[in-house]
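Engineer: Fold the following.
(2 chains)
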Amino acid sequence: MNEKRPLTKLLTGNEAVARGAYEAGLLFASAYPGTPSTEILETMSGYAGELYCEWAPNEKVALEAAMGASLAGVRSMAAMKHVGVNVAADPLFTFAYTGVGGGCVIVSADDPGMHSSQNEQDNRNYAAAARVLMLEPSDSQEALDFAKLAFELSERFDTPAMLRMTTRICHSKSLVSFGERVLPPVPAYRRDAAKYVATPANARVMRAKLSLRLEAMAEYSNSCAANRAEYNGGEIGVVSAGAAYQHAREAFGESASYLKIGLSFPLPTELIRAFASRVKKLYVVEELDPYMETRIREAGIECVGKALLPEAGELDADIIGKAVFGRGAEGPKSDLKAPQRPPTLCAGCPHRGFFHVLGKRKGVVITGDIGCYTLASAPPLSAMDSCFCMGGSISTGHGAAMAFGMAGMKEKVVAVIGDSTFFHSGITSLMDVAYNGGRSVSVILDNRITGMTGHQENPGTGYTLMGGKAVMADIPAICKAIGIKGENIYLVNPLELDAVGAALDDALSKDEPTVIVTRWPCVLKKPSPEDRDEFGPAPGRCEIDQDACRKCGQCVKTGCPAICSGGSVTIDAGACTGCAVCLQACPFGAIKEVRP
Amino acid sequence: MSAVNGGDVRSVLMVGVGGQGTILAGRILSEGLAEAGYDVKMSEIHGMSQRGGSVSTHVRFGERVRSPVTGRGGADVIAAFEKLEALRWLEYLKEGGLMLINDFEIPPAPVLMGLEPYPDGIADELSGRARVGVFDARAIAEGLGNARAMNMVLLGALAKAVGVGGVDWEGTIRRNVKKGFEDLNIRAFEHGFLRLGPFG
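Structural biologist: The predicted structure follows:
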């Protein structure tokens, strides 16, 4: 009974990264939530007490905080989705120069296939551009093991290390053996300005050191255990990494030989050369960019990759099999067409009322941002002109408004952004509008939580990742402090359509910066005590009086998934939350509120 | 060269609509299989697709599983928690595979808006193309006391169709469902497992 067995559990890749960091003795982690990376820090918060972890307002802040912890001598991590690395790129490139104190790992969770993202950039390119280590796990066990290895290598080579996850690694579960947590000693702090103060004079020295470090890392890569060859036969050799390796392993089967790349920057060029010399034909199987293929060719090694395989989207064994061998399984097909099932704003979503009113305004250009409210771009709301990046709506809206003015055009601009996104990088955009005397209307859709990623606390909610009470950032006060006039700040309940309309009319009539703050909690949010005090109990539900209904479709045009338009228009009592947006949209008074 | 979907590995797909409980069902299936000694991989998609969109959970198990996902023509069993999703995922079924269909409709946005009809006769259409088992899991769950246990009825039918022995389903369900709802969920699972089928 006392026999000690390794604990084996089914874990997602994200859970395994958190476990690996915990076992490596991490003391500090910071992140901004973003699919598919969010659960790394959520899992980490389960170790609260033994380590500290937090939500930062954005990825740049998260990385800088992790760099500070590294400077202090402890092991630290910053986790983010792929586009978050763009935000954090400024500190990253200089951190590559200074190197680390305590080991520091940056997790980049890429999203091939764009399951929940606005692009599918391949962040292995960042490691090469910044000249930092890049590890790519291919299942949950490797996610744990590579997270630990990344800390060791970060300290050994005095460099930040990146861990590249992808959606299929983050959100797939596989069996994982655990280890023990080992806390490395934290050295006494001493100032080292030559190492950490990146003035031009110091940075030139750092740059020279970076080249030496890169040489040492490249040399090491050829003997790194994370890069391993498996020889089965001399006909076909496959070089692959990450999720693509698992798919390739099935598509090419047991007779092919494999070189599984775990440390993908710097690539183990000599190991690849030796492997290539033992096989007749070399394939490179990788998701997204021809990152390895380009470097392998540059080393003068012949290989086949993107000539056969797609550069866009996820791979699977079937796609690889068909691309390489021209054959694979086919399933049954039907001539019956399945209507699309796009995601929609939930029944009772506070964004619906606002966009229902905004979408009806003519001559208004609506610049959007990253969040659930981007779903308002789809019919029937169809209330959005653009969406680029986190925090971008207010600044693109400002530029568009000034441009329309300069070009003598009449279009007005309304920029929409969520509360968490405003804290992320919308505040600086609004400062641009205020400072330069812009003419756009900026709308902050405050639903009291970070919604789309599954309800994470943020600076406005009053709570922290580890469950502590926090100060609550006051959005109207922030707007005022950066220069928006008090009379130009409107605070409205987005479920009250008349109030939304009046605020929009007034704001659109002004030729100076205005802000509308809508404030109502996400319908899926578990209310905090403060929410209960402010917003009261949940309302009843709505019902359509079939005798009064004229089937005009106004309620259907709110896009509520609880409303069904067949022969008659009905409201699903199980789905309706009683937000009463449809009731206000009905021109015939046919919808009534029913109290339970 | 081995078959594209690899040796003894079996592939199961659970498809439905965000909020139907496919993720919980997938977790119980995976944990049960792992404890019975199989290598298991499970993959699911979170994020924006959860807002009423089409969702899928892939579970693959066997001696040694590599890829966590099932490609077209690769699934031994598909459990469609919603009827339209059965139609959407049909081509992922392996030749000779089994499609379990919950005779339950959740109209998607284009249907709600009256822009497109919900297709008629999906079950008949699929019966002509593959081995299918059709049942009304919601009515069964309602009969057992709570329509929300629909996912466990489907999981029970799926577990039987997958046909593996030595799995402690009851214990796995007990550990994973909400406190106070253990017995309901176990009854729903047992109904699916013991009383439905054999199919096709």
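Engineer: For the least confident helix or strand in chain A by mean pLDDT, name the packing helices and strands.
Structural biologist: Lowest mean confidence among the helices and strands of chain A (mean pLDDT, DSSP states H and E): strand A:563-565, at a mean of 92. If you count contacts as 3 or more CB pairs under 8 Å, 6 or more residues apart in numbering or on different chains; DSSP states H and E, strand A:563-565 packs onto strand A:569-571, helix B:109-112. Backbone N, C-alpha and C define where each C-beta goes, glycine included.
Engineer: residues in contact with B:V177?
Structural biologist: B:24, B:152, B:185 (CB atoms under 8 Å, 6 or more residues apart in numbering or on different chains).
Engineer: residue ranges with poor pLDDT in chain A?
Structural biologist: Scanning chain A with the threshold set as pLDDT under 70 gives A:1-7, A:596.
Engineer: if you skip the residues just before and after it, what's nearest to A:C372?
Structural biologist: Nearest non-adjacent residue to A:C372, counting by CB to CB, 6 or more residues apart in numbering or on different chains: A:M452, 4.6 Å away.
Engineer: Look up how far A:S117 lies from the one you found.
Structural biologist: In this view, A:M452 and A:S117 are 11 Å apart by CB to CB, to the nearest Å.
Engineer: neighbour count winner among those two?
Structural biologist: A:M452 (27 against 22; other CB atoms under 10 Å in any protein chain shown).
Engineer: is it fair to say that one lies in a helix?
Structural biologist: No. Assignment of A:M452 by DSSP: H, G, I helix; E, B strand; the rest coil gives coil, placing it outside any helix.
Engineer: That one and A:G371 touch, don't they?
Structural biologist: Yes. The criterion here is CB atoms under 8 Å, and A:M452 meets it with A:G371 at 5.4 Å.
Engineer: on that earlier part again, how about residues contacting the least confident helix or strand of chain A?
Structural biologist: A:553, A:555-556, A:569-572, A:582, B:107, B:111-114.
Engineer: and these, which are buried?
Structural biologist: By neighbour count, with 16 or more other CB atoms under 10 Å in any protein chain shown, the contacts of strand A:563-565 hold A:555-556, A:569, A:571-572, A:582, B:107, B:111-114 as buried.
Engineer: Adding distance to A:L92, write the residues you listed out as a markdown table.
Structural biologist: Shown next, in a markdown table, are the buried ones among the contacts of strand A:563-565 (distance: CB to CB, whole Å):
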| residue | distance to A:L92 |
| --- | --- |
| A:C555 | 49 |
| A:V556 | 48 |
| A:V569 | 53 |
| A:I571 | 50 |
| A:D572 | 48 |
| A:C582 | 48 |
| B:P107 | 46 |
| B:V111 | 46 |
| B:L112 | 45 |
| B:M113 | 45 |
| B:G114 | 50 |
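Engineer: Pass me the low-pLDDT residue ranges in chain B, would you?
Structural biologist: B:1-7, B:46-50, B:200.
Engineer: Swap in 80 and give it another go.
Structural biologist: B:1-7, B:45-51, B:197-200 (pLDDT under 80).
Engineer: Report the two of the buried ones among the contacts of strand A:563-565 separated the most.
Structural biologist: Farthest-apart pair in the buried ones among the contacts of strand A:563-565 is A:C582 and B:V111; separation 17.6 Å (CB to CB).
Engineer: quick one: the helices in chain B?
Structural biologist: B:22-35, B:83-89, B:109-112, B:122-127, B:137-143, B:150-162, B:169-176, B:182-190 (DSSP state H).
Engineer: Return the most buried member of the ones you listed.
Structural biologist: helix B:150-162 (a mean of 27; mean count of other CB atoms under 10 Å in any protein chain shown).
Engineer: Now do it: which elements does it pack against?
Structural biologist: Using 3+ CB pairs under 8 Å, 6+ apart: helix B:150-162 touches strand B:10-17, helix B:22-35, strand B:75-80, strand B:93-102, strand B:131-135, helix B:137-143, helix B:169-176, helix B:182-190.
Engineer: how about TSV for these, with distance to A:C586 added?
Structural biologist: Putting the helices and strands packed on helix B:150-162 into TSV (distance: least, CB to CB, whole Å) gives the following:
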stretch	distance to A:C586
strand B:10-17	27
helix B:22-35	35
strand B:75-80	35
strand B:93-102	34
strand B:131-135	38
helix B:137-143	30
helix B:169-176	43
helix B:182-190	39
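Engineer: so what secondary structure elements neighbour the one helix or strand A:R213 maps to?
Structural biologist: Assessed by DSSP states H and E, A:R213 sits inside helix A:200-221. The elements that helix A:200-221 packs onto, with contact taken as 3+ CB pairs under 8 Å, 6+ apart, are helix A:82-98, helix A:140-157, helix A:193-196, helix A:269-277.
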